[in-house]
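**Q** Quick one, fold the following:
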Amino acid sequence: MAYSVSDVAAIGTNTTQKWWIRTGLVGPRVRLPAMLFWAVMLLFSAQRLCIYLTMHDRFRGVSARAIAGSFAIGLRFDAAIAFMLSLPLIIVAAATPGNVIVNRAYGWIVSTFGGVAIAVTLFACVADYYFYQEFGLRLNYQVLEYTRYSAIYRTIWDQYPVVWASLATLIFLSAATWALNRWGLGQPRRSPWWQVVWPALLIPVAIIGIRGSLRNRPMNSSAAYSSDSPALVQLTLNGCYTLRDAVYKHAHDSNLKDIFALLDDAEALARAKQLLGQANDQFFDDADNPLRRVTITGRPRNDYNVVLVVLESTSWQYIGALGGDARLTPNLSALAEQSVLMDHCFSVGQRTAQGLSGSLAGFPDLPGSGVITRPQSEGKFLTLARILCDRGYSTIYVHGGQPEFDHQLAFCASNGYDRCVFEDQLPCRTFRNVLGWCDEDAYNSVDRIASETTDRPFFISLMTTSFHRPYLIPAGKIQSVQPGHPKALQMDAVHYADWAIGQFMAKVRQAKYFERTIFVFTGDHAGGFMQTPVVPGGSSRVPFIVYAPAILGPPRRVPAVCSQADIPPTILSLLGGSYEHCFFGSSVLDRPADRGMALIQSGSSDLMLVKGENVMMIPPYGAKCELFRLTLPMKLDRVDLAIADQSAKAKEMTRDATALLQSADILFRRGSYNLPTTRPAPKAEPAAGSPKN
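**A** Predicted coordinates:
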């Protein structure tokens, strides 16, 4: 019988296929986990490509070579998750007898597992895409924080394509399960026992892939820091990988030494003391808390009222007086021009909990969950309210939202506030958004509370809500800034928040307490659509406005670098007298300009220190540090560290930043960021003015 060329080729092909099948290299024990692995890898790469194409402006100025490198390095993070999802199938394949593998029920069980893994990966990629779009970061510890609050689910439902993402996930689940069952199993129906060798050999390969390294330490996110572009660093990472990292750290309460290269504890505390101490400070000889000190303001004590407003998501981009869009906040910009304006102020972090830690407690916060959300802070944390409460002030915390949000009630009620007013107790209530009552209601409530507090001076802290997704505002209050704009909702929300400020200030100027009240406005963190492109330091710039014309005199700008941690000591300086504290800040108005600095901790990744025009960016896990020169409002130029003096400056700033963060961690873990009653207090100066409104 004669064979044609095509017949011979077919016979050769079939013979080769049978050899691969006989060896088990393409048998169901290997084929199914391999299909799952490559499906997951493909999804991650496709998502990374979608981010790059749809948010191309964020990568402006980044070379094509750097982009290609990002995609290549990203495969390492993708493989870690793909191996993690495939490992159960590899183990099952190695442990399952041959007569079970041919069972139909077994086939559907393992195929369904693979289908679920692929579908969940797709859903995570969609969620990570929108998270990156909103925050410029991959999924991280913030997800763990958000899942505790019902309002967040409502916001997600209203603002994102949950239905379409869920439908796509279900379709992928069905299609992937069918495909894995159809092509991942198949012939041979029975296999010899020795074919188990292949999946058994794959188990250590998968473990190494999950670990990502053959060295003594597993792979971490430092591998992504191959560029000085923060956007490209985050593009390189993988949302599932960073979320897995966050979950692990959350469960194991990882130490700071697992993230950054630290100094000796004694050296860190000594360096922090040197950095924070000012000429008018007298330190206690306190081994437990070397930062405890008495600050002598040199001013007579005046028990002025204080209203501290922390504005949700309000950073410089929205404020014309700071170089932002002048259309959005005309009232706040006008107020800034009539005030003492610190125009180089930076938030200590990227979430409300971190902003409150800096603004209320002068604390720079720590990686992971904000310290105010941790039970260890209850009743043991120094705040501005605690110091003023000891001075005889009525201390009141006002928030139109839920008392559980970011642990605000537990933290404030146990750390110096003698009255906390949340959503159900708010005196004025007309319009409610997802997070709580609108800003107009909050300001009207503050005015009413202030007017009724006549027996002693008051300190009122207000946390606003209106400029937050899903950006619901009462109708008829403002005209839309730019109808038809893709971000019109956000623009109108911040414009409404500004309108509420204007209404509030017009009202309080007629109040009896106005002449003796200091009004302070700051933002909790950058937020909304105008936070991009992400620039180290520049993106974290927030307002710090002090308004009290009868007390402070003519308006002026203070260009010295500062942070939210400087807000409490600056307020106390204006009140005069002496005060004991251990704040990670000092009065911006009483220190040399070159002593100013701002420590910025993103919560899970970069640590930054701003000093003058210099921004030091310190990635975690020993990745390469970078030094930038910042020109406001937000221009960043990389400094060549090959130059000797610049390299020395970078090393010095790195040690400074590390010392400050490490000292904060030490004091928090010791439970010594407070003023124990056993500690002798400084002699109190008599008040120079009436304590009443």
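**Q** Tell me where the stretch 301-450 of the chain has helices.
**A** Ranges of helices in the stretch 301-450 of the chain, per DSSP state H, counting those that start in this stretch, are 330-337, 352-361, 384-390, 408-414, 439-452.
**Q** Which of the ones you listed sits closest to residue 647?
**A** With Cβ to Cβ as the measure, helix 352-361 is the member of the helices of the stretch 301-450 of the chain nearest residue 647 (30.2 Å). The way it works is simple: take the backbone N, C-alpha and C, and place the C-beta from them, glycine included.
**Q** Show me the shaky parts of this protein.
**A** By pLDDT under 70, the low-scoring segments of the chain are 1-27, 184, 186-198, 228, 250-254, 529-538, 603-605, 677-693.
**Q** Which stretches in the stretch 451-600 of the chain count as strands?
**A** 458-463, 517-523, 544-547, 556-558, 562-563, 578-581, 598-601 (DSSP state E, counting those that start in this stretch).
**Q** end-to-end on stretch 619-628?
**A** Distance between the boundary residues of stretch 619-628 (Cα to Cα, to the nearest Å) amounts to 14 Å.
**Q** From the chain's centre, how far out is it? Work that out for me.
**A** Taking Cα atoms, centre = their mean, to the nearest Å, the mean C-alpha location of stretch 619-628 is offset from the chain mean by 18 Å.
**Q** before we move on, what about stretch 102-122?
**A** That offset, for stretch 102-122, works out to 36 Å (Cα atoms, centre = their mean).
**Q** can you check stretch 586-597 too?
**A** Distance of stretch 586-597 from the chain centroid (Cα atoms, centre = their mean) equals 26 Å.
**Q** Just give the number of residues close to residue 392.
**A** 11 (other Cβ atoms under 10 Å).
**Q** any idea what sits nearest it, other than its immediate chain neighbours?
**A** Spatially, and ignoring its direct neighbours in sequence, residue 392 is nearest to residue 456 (5.7 Å; Cβ to Cβ, 6 or more residues apart in numbering).
**Q** In the host helix or strand of residue 266, which residues are buried?
**A** Remark: residue 266 resides in helix 265-276, with elements defined by DSSP states H and E. Within helix 265-276, the residues scored as buried using 16 or more other Cβ atoms under 10 Å are 268, 269, 271, 272, 273, 275, 276.
**Q** The last one touches residue 584, doesn't it?
**A** Yes: with contacts defined as Cβ atoms under 8 Å, residue 276 counts as touching residue 584 at a distance of 6.4 Å.
**Q** that older thread, nearest to residue 588, out of the strands of the stretch 451-600 of the chain?
**A** Per Cβ to Cβ, nearest to residue 588 of the strands of the stretch 451-600 of the chain: strand 562-563, 4.6 Å.
**Q** quick one: strands adjacent to that closest one?
**A** The strands beside strand 562-563 in its sheet (DSSP bridges) come out as strand 345-346 (parallel).
**Q** mind checking how far residue 564 is from residue 599?
**A** As judged by Cβ to Cβ, to the nearest Å, residue 564 and residue 599 stand 10 Å apart.
**Q** picking that back up, could you measure the residue nearest to residue 392 against residue 430, distance?
**A** For residue 456 relative to residue 430 (Cβ to Cβ), the value is 30 Å.
**Q** quick one: stretch 137-156 to chain centroid distance?
**A** 11 Å.
**Q** What of stretch 456-467?
**A** Taking Cα atoms, centre = their mean, the mean C-alpha location of stretch 456-467 is offset from the chain mean by 23 Å.
**Q** Regarding it, how distant is the last residue from the first?
**A** End to end - Cα to Cα - stretch 456-467 spans 33 Å.
**Q** Begin at 52 from now on, thanks
**A** All right, first residue 52 from here; so that's stretch 507-518.
**Q** Tell me the buried residues in it?
**A** Neighbour-count burial for stretch 507-518 [16+ other Cβ under 10 Å]: 508, 509, 510, 511, 512, 513, 514, 515, 516, 517, 518.
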